[in-house]
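S.K.: sequence plus the predicted model coming up.
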Amino acid sequence: MAYDMYQEVILQHYRAPRNFGTLADADFTGEESNPLCGDRITLQLKLGPDHHSVSEVRFHGDGCAISVASASMLTEKLKGQTLESVAAIQREDVLKLIGIPLSPVRVKCALTGFAALGRALHPAEASTGDAGPSVEGTTPA
């Protein structure tokens, strides 16, 4: 029964994703694709006047229901967070947002937005769906 509730939440986020679109003046932008599923997510962050917290976040791209829903849920979690809090987000935190067991292929889908976040914070480093975001030494573009 709980899985039904989570599946409905996933479908709601897929059909009407939160924070979908682009930020023309983003401080951080990262993109990740999942060739197994065809998912492609770009995630953008804008910092507040303090340059330490996320004032706006957007994502755009195409993907399966799990990928889009996960990116949508992740953006809701990021808004208002400090960069330190963003850096502390782990892959398990993102998977908890989905709330249902996923096959290894679907885990990659669920972590596409998370990997895009890692690329946004570290554009020069290679990022995988398993890598966690970290902001040490990161400065806005």
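M.R.: The structure has been received and is ready for your questions.

S.K.: separation between residue 43 and residue 74?
M.R.: Noted for residue 43: a distance of 8 Å to residue 74, by CB to CB, to the nearest Å. In this view, the C-beta of every residue, glycine as well, is placed from N, C-alpha and C.

S.K.: between the two, which contacts overlap?
M.R.: In terms of CB atoms under 8 Å, 6 or more residues apart in numbering, residue 43 and residue 74 are both contacted by the residues 59, 113, 117.

S.K.: which strands and helices sit next to the helix or strand where residue 113 lies?
M.R.: Element membership for residue 113, per DSSP states H and E: helix 112-121. Packing partners of helix 112-121 (3 or more CB pairs under 8 Å, 6 or more residues apart in numbering; DSSP states H and E): strand 28-34, strand 39-47, helix 65-78, helix 83-87, helix 91-98.

S.K.: my guess is residue 69 meets residue 13, correct?
M.R.: Yes: counting by CB atoms under 8 Å, residue 69 does reach residue 13; the two are 3.7 Å apart.

S.K.: tell me the centre residue of this protein?
M.R.: What sits nearest the mean C-alpha location of the chain, by CA atoms, centre = their mean, is residue 113, with 3.2 Å.

S.K.: can you name the residues that contact the closest residue to that residue other than its chain neighbours?
M.R.: Distance criterion CB to CB, 6 or more residues apart in numbering; nearest residue to residue 113, sequence neighbours excluded, is residue 71 at 3.2 Å. Taking CB under 8 Å, 6+ apart as the criterion, residue 71 is in contact with 17, 41, 43, 59, 61, 63, 112-113, 116.
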